[in-house]
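**Q** 3D model of this:
(2 chains)
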Amino acid sequence: AQSVTQPDIHITVSEGASLELRCNYSYGATPYLFWYVQSPGQGLQLLLKYFSGDTLVQGIKGFEAEFKRSQSSFNLRKPSVHWSDAAEYFCAVAGTGGFKTIFGAGTRLFVKA
Amino acid sequence: GAVVSQHPSWVICKSGTSVKIECRSLDFQATTMFWYRQFPKQSLMLMATSNEGSKATYEQGVEKDKFLINHASLTLSTLTVTSAHPEDSSFYICSARLRGGAAGELFFGEGSRLTVL
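**A** From the prediction side, this is the model:
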């Protein structure tokens, strides 16, 4: 069955510190992979996506993610976190032939001064 | 580009009334729109897939008579919560797939918070 696992319900990092949010997926073929960010009371905003090619993808707001097929992972990283990055982050997977997107449970990021 | 707008952002209604939420793609055509429900501190639960000009496809466990979805044009889908009850209170989010866009690349509305008294 298709699934997305975000092992960390919440993470706290200090402002200026590096960040890595974990995402593992289960899918029969190579999926499309996404990271979205949601601020409180808002919809979701696409940070980055992976369809094919270079396994290290760059996104908006200084985020990047690396697709590792052998580990079925698509972890999100940022070298230096800003207080404005505090939000909920969702990893998502979609099939190349279909339109349904499966979301992980989300990881809430807290940033401390 | 690729902006999706939802209206209203929040709504409070009495139990037993119906509430309509609109989802519009402002600068692109969306052949497919999706409706989600999100409970506090939880992920998005897909309710239904809305295709322009055809009936919506509902996920298992979602009452189609309770949550009426209409996708009358390439830029508008509506979700009507009929005879709303307090347990229907939630954050409803729509998303749209760009016509000709890649599967899974979705653009989200701002969400609509429904509170049923």
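**Q** list the helices and strands the worst-scoring helix or strand of chain A on mean pLDDT packs on?
**A** Every helix and strand of chain A was ranked by mean pLDDT, DSSP states H and E. The lowest is strand A:101-103, at a mean of 87. If contacts are counted by 3 or more Cβ pairs under 8 Å, 6 or more residues apart in numbering or on different chains; DSSP states H and E, strand A:101-103 sits against strand A:3-5, strand A:87-94. C-beta: built from backbone N, CA, C; applies to glycine.
**Q** any weak-confidence spans in the chain?
**A** Answering for chain A, as no chain was given. A:96-99 (pLDDT under 70).
**Q** to clarify, I was referring to chain B.
**A** Applying pLDDT under 70 to chain B picks out residues B:1, B:101-104.
**Q** which parts of it are strands?
**A** Assigned by DSSP state E, the strands in chain B fall at B:4-7, B:10-13, B:19-25, B:32-38, B:44-51, B:57-58, B:67-73, B:76-81, B:90-97, B:106-108, B:112-116.
**Q** quick check: bridge partners of the residue nearest the centre of chain B?
**A** By Cα atoms, centre = their mean, chain B has its centre lying nearest to B:W35, at 3.5 Å. Beta-bridge pairing for B:W35 (DSSP bridges): B:A48, B:C94.
**Q** now for it: which residues touch it?
**A** Applying Cβ atoms under 8 Å, 6 or more residues apart in numbering or on different chains, we find B:W35 in contact with B:23, B:46-48, B:50, B:67, B:69, B:77, B:79, B:92-94.
**Q** how many neighbours does the residue of chain A found nearest chain B have?
**A** In chain A, the residue found nearest to chain B is A:A94; the distance is 2.4 Å by Cβ to the nearest Cβ. Neighbours of A:A94 under the rule other Cβ atoms under 10 Å in any protein chain shown: 25.
**Q** quick one: it and A:F103 touch, right?
**A** No: with contact defined as Cβ atoms under 8 Å, A:A94 does not count as touching A:F103 (10.0 Å).
**Q** thinking again about what came up before, after the least confident helix or strand of chain A comes which helix or strand?
**A** Per DSSP states H and E, the first helix or strand lying C-terminal to strand A:101-103 is strand A:107-112.
**Q** direction included, what does that following strand pair up with?
**A** strand A:10-14 (parallel), strand A:87-94 (antiparallel).
**Q** and the contacts of it?
**A** Contacts for strand A:107-112 (Cβ under 8 Å, 6+ apart): A:6, A:8-15, A:19, A:21-22, A:81-83, A:85-89, B:41.
**Q** need the residues of chain A near chain B, please.
**A** Residues of chain A lying close to chain B by Cβ under 8 Å from any Cβ of the partner chain are A:31-32, A:34, A:36, A:41-46, A:49, A:51, A:90, A:92-101, A:103-106, A:108.
**Q** ok so, going back, what is the residue of chain A closest to chain B paired to in the beta sheet?
**A** In this entry, A:A94 is beta-bridged to A:Y32, A:T101, by DSSP bridges.
**Q** then A:V13?
**A** Using DSSP bridges, the bridge partners assigned to A:V13 are A:V111.
**Q** what's the burial count for it?
**A** Neighbour count for A:V13, taken as other Cβ under 10 Å: 18.
**Q** before we move on, what about A:S80?
**A** Residues contacting A:S80 under the criterion other Cβ under 10 Å number 12.
**Q** how close does the closest residue to B:T80 other than its chain neighbours get to B:S43?
**A** Leaving aside its chain neighbours, B:T80 sits nearest to B:L68 (4.2 Å; criterion: Cβ to Cβ, 6 or more residues apart in numbering or on different chains). To B:S43, B:L68 is 24 Å away according to Cβ to Cβ, to the nearest Å.
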